[in-house]
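*Asks:* coordinates only, no sequence provided:
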């Protein structure tokens, strides 16, 4: 099974065009749109949900993780099913790896405590650089078999 999935940015996409992918990522979906996607892709497709964050400040990463969870809990409760997982912040640079690791570890702990699956990272292409992965060791160690690492890699058919 492919671990590469589609990334859908808005709710005006017609889910009937999806077919039956193994993974779909939804950016800031409404519960209704998530339900329409689930109906199209079936119960076994992994749906990764990321919420748009206007503020990705990591000055107090543990506090920020608690705020993230509190802000999104109603949406998480409305959209959760056994094959949904949740990403946090998006494309955090290696220069913020120490704080982001604390944020992700706390977000992971909190989501697990409530029975939710987690996609950690949501890193940009080429990030983290190889030596920086060591800073995320506590996050990776806290993951369970239902979690995933999320990295961005892009491809476009220019033919």
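*Replies:* That came through fine. Here the structure is a predicted model, which means the values were calculated and not measured.
*Asks:* neighbours of residue 90, how many?
*Replies:* Around residue 90 there are 17 other residues, counting by other Cβ atoms under 10 Å. C-beta coordinates here come from the backbone N, C-alpha and C atoms, glycine included.
*Asks:* can you give me the strands in this structure?
*Replies:* 6-8, 23-27, 46-50, 84-86, 117-123, 148-151 (DSSP state E).
*Asks:* would you list those strands in JSON lines and tack on mean pLDDT?
*Replies:* Rendered in JSON lines, the data for the strands of the chain read as follows (pLDDT from 0 to 100):
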{"stretch": "strand 6-8", "mean pLDDT": "71"}
{"stretch": "strand 23-27", "mean pLDDT": "92"}
{"stretch": "strand 46-50", "mean pLDDT": "96"}
{"stretch": "strand 84-86", "mean pLDDT": "98"}
{"stretch": "strand 117-123", "mean pLDDT": "95"}
{"stretch": "strand 148-151", "mean pLDDT": "90"}
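*Asks:* looking at those, which one is packed in the most?
*Replies:* Mean neighbour count, computed with mean count of other Cβ atoms under 10 Å, is highest for strand 117-123 among the strands of the chain, reaching a mean of 24.
*Asks:* could you tell me the angle between that one and strand 23-27?
*Replies:* 70 degrees (axes from the mean of the first three to the mean of the last three Cα atoms, to 10 degrees).
*Asks:* what lies in contact with strand 117-123?
*Replies:* For strand 117-123, contacts defined as Cβ atoms under 8 Å, 6 or more residues apart in numbering pick out 48, 50, 84-92, 104, 107-108, 111-112, 136, 139-140, 143, 146-152.
*Asks:* before we move on, back to that, which one of the strands of the chain lies nearest to residue 57?
*Replies:* Counting by Cβ to Cβ, residue 57 lies closest to strand 117-123 out of those; the figure is 16.0 Å.
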